[in-house]
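*Asks:* Quick one, structure for this:
(one chain, ligands or ions: 2)
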Amino acid sequence: MIPVLDWADYEKDLPGFAAALGKACRETGFFLLAGHPIAPGLIRQMFEQADAFFGLPDDEKNPLSISNNPHNRGWARMGSERLDDTSGQVDSKEAFNIGLDLPATDPEVQAGKPFRGVNVWPDLPMFRDVTLAYYDMVWALGLDLHRAIALDLGLRPDFFARHFSAPMATLRLLSYPPAQGAEGEIGAGAHTDYGSTTLLMTDGEAGLQVKPRGGDWTDVPLVPGAFVVNIGDCLMRWTNDIYISTPHRVLPPARRRRSIAFFLDPNPDSVIDALPGTGDPKYPSVTGADYLRSRLDATYTPEVAS
Ligand SMILES: O=C(O)CCC(=O)C(=O)O
Ligand SMILES: [Fe+2]
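*Replies:* Ligands and ions are numbered 1, 2, ... in the order given. Model prediction:
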């Protein structure tokens with residue numbers, strides 16, 4: 001049900017890869033990507049840095065809090081998010097967000113444009129270099145995936161390049177504590193992602209489930225080293241609902257679980273209109289920034305954030 005695509009096919013037979021990807025994006029909105037070019041050593045370093053960060057005492061993480069940050073960067077403490085706002089259940093996880101790394105002198109940062117802030121950094125020697133190296137690699141991989149998406153949708157292969165040239169992409173480190181056994185406990189509540197595509201790496205601990213349309217919750221298979229790739233709501237809207245975003249959640253894990261999500265959202269000024277060839281538009285135009293802001297505002301729950 002969740003197909004495994006092999007990056008070797010992207011290199012050898014792009015049209016064949018694009019067709020398989022297109023089928024997955026239309027049917028389940030999820031696929032696994034094996035054989036990709038992100039080095040295992042870099043992924044290992046990412047998990048080491050995530051462990052170092054989450055192991056810091058709260059008084060070192062507090063100054064980095066996302067709740068004081070207008071640009072969706074920094075530390076989301078345990079109990080500050082509720083991805084499923086219908087359940088009343090707060091997610092049992094903590095997270096750290098890194099955005100496009102712009103200097104404080106960048107004109108868009110100076111102008112206070114939405115999502116154009118500077119990153120905040122913990123005092124850990126390798127953290128910035130490792131996470132930014134990973135950010136750039138996975139951004140490039142996401143762009144390559146959009147070439148296959150374009151091909152599948154009958155667009156020029158480079159159609160999406162200008163929409164992801166300075167994207168609102170967020171690299172998010174996540175840490176889920178072991179299940180406590182409490183009633184209704186959840187790692188991450190049921191939700192769909194907001195952006196175009198998400199590329200997720202996990203540490204192999206089970207917990208991620210998807211709920212295909214008309215189906216029941218099922219475990220996402222574990223394929224060591226493979227990315228879990230899924231379609232977000234923005235790409236669903238952009239494709240005029242030809243591709244689908246699918247609800248997923250994280251159950252409280254048996255052991256501590258870590259994951260690294262890369263949410264690839266378009267440039268803030270990109271206008272999201274039904275793509276050429278997708279029929280009569282079902283949705284009005286919206287900019288990438290307005291769309292993302294509206295979705296984030298629904299996720300952070302001021303009454304539980306402290
Ligand atoms: O940690 C995971 O496996 C998935 C997290 C997720 O779905 C999200 O943060 O949007
Ligand atoms: Fe998600």
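*Asks:* Please, which helix or strand holds the closest residue to ligand 1 within the chain?
*Replies:* Closest contact between the chain and ligand 1, by Cβ to the nearest ligand atom, is at S259 (3.5 Å). Every C-beta, even on glycine, is put in place using the N, C-alpha and C of the backbone. Taking DSSP states H and E as the definition, S259 sits inside strand 257-264.
*Asks:* I'd like to know which elements the next helix or strand after that strand is packed against.
*Replies:* Counting by DSSP H and E, the next helix or strand C-terminal to strand 257-264 is strand 271-272. Strand 271-272 is packed against helix 233-238, strand 286-287, with contacts defined by 3 or more Cβ pairs under 8 Å, 6 or more residues apart in numbering; DSSP states H and E.
*Asks:* Could you dump these into TSV and include mean neighbour count?
*Replies:* Below are those laid out as TSV (neighbours: other Cβ atoms under 10 Å):
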stretch	mean neighbour count
helix 233-238	24
strand 286-287	16
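*Asks:* Same list, the ones you listed, but as CSV with distance to ligand 1 please.
*Replies:* Below are the helices and strands packed on strand 271-272 laid out as CSV (distance: least, Cβ to the nearest ligand atom, whole Å):
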stretch, distance to ligand 1
helix 233-238, 11
strand 286-287, 21
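*Asks:* could I get those as a markdown table with mean pLDDT?
*Replies:* Formatted as a markdown table, the helices and strands packed on strand 271-272 follow (pLDDT from 0 to 100):
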| stretch | mean pLDDT |
| --- | --- |
| helix 233-238 | 97 |
| strand 286-287 | 97 |
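*Asks:* List the beta-bridge partners for the residue sitting nearest the centre point of the chain.
*Replies:* Centroid check for the chain by Cα atoms, centre = their mean gives F263 as the closest residue, at 2.6 Å. Beta-bridge pairing for F263 (DSSP bridges): T170, T198.
*Asks:* picking up where we left off before, how far away is the residue of the chain closest to ligand 1 from L145?
*Replies:* Distance, S259 to L145, using Cβ to Cβ, to the nearest Å: 19 Å.
*Asks:* Secondary structure class of L132, three-state.
*Replies:* Secondary structure, DSSP: H, G, I helix; E, B strand; the rest coil: L132 is helix.
*Asks:* need the contact list for it.
*Replies:* Going by Cβ atoms under 8 Å, 6 or more residues apart in numbering, L132 touches 98, 101.
*Asks:* What segments of the stretch 201-306 of the chain are strands?
*Replies:* 208-210, 218-219, 227-231, 248-250, 257-264, 271-272, 286-287 (DSSP state E, counting those that start in this stretch).
*Asks:* can you redo those strands as a markdown table with distance to I98?
*Replies:* Shown next, in a markdown table, are those (distance: least, Cβ to Cβ, whole Å):
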| stretch | distance to I98 |
| --- | --- |
| strand 208-210 | 21 |
| strand 218-219 | 28 |
| strand 227-231 | 18 |
| strand 248-250 | 20 |
| strand 257-264 | 10 |
| strand 271-272 | 24 |
| strand 286-287 | 22 |
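*Asks:* Report the contact partners of the nearest residue to T197 once chain neighbours are set aside.
*Replies:* Leaving aside its sequence neighbours, T197 sits nearest to L264 (Cβ to Cβ, 6 or more residues apart in numbering; 5.2 Å). Residues near L264 by Cβ under 8 Å, 6+ apart: 139, 142, 164, 167, 169, 195-199.
*Asks:* P177 too?
*Replies:* Counting by Cβ under 8 Å, 6+ apart, P177 makes contact with 78, 92-93, 256.
*Asks:* how many other residues sit next to D269?
*Replies:* 13 (other Cβ atoms under 10 Å).
*Asks:* likewise N69?
*Replies:* Neighbour tally, N69, other Cβ under 10 Å: 18.
*Asks:* now swap in K12 and tell me
*Replies:* Residues near K12, counting by other Cβ under 10 Å, number 10.
*Asks:* got it, and I43?
*Replies:* For I43, the count of nearby residues is 18 (other Cβ under 10 Å).
*Asks:* Looking at the strands of the stretch 201-306 of the chain, which is nearest to P63?
*Replies:* With Cβ to Cβ as the criterion, P63 lies closest to strand 257-264 of the strands of the stretch 201-306 of the chain, at 22.7 Å.
*Asks:* and that closest one, how far out from the chain's middle?
*Replies:* The chain centre lies 6 Å from the centre of strand 257-264; the measure is Cα atoms, centre = their mean, to the nearest Å.
*Asks:* Kindly calculate the angle that the helix or strand harbouring L151 makes with strand 257-264.
*Replies:* Assessed by DSSP H and E, L151 sits inside helix 127-152. Helix 127-152 and strand 257-264 are oriented at 60 degrees to each other (axes from the mean of the first three to the mean of the last three Cα atoms, to 10 degrees).
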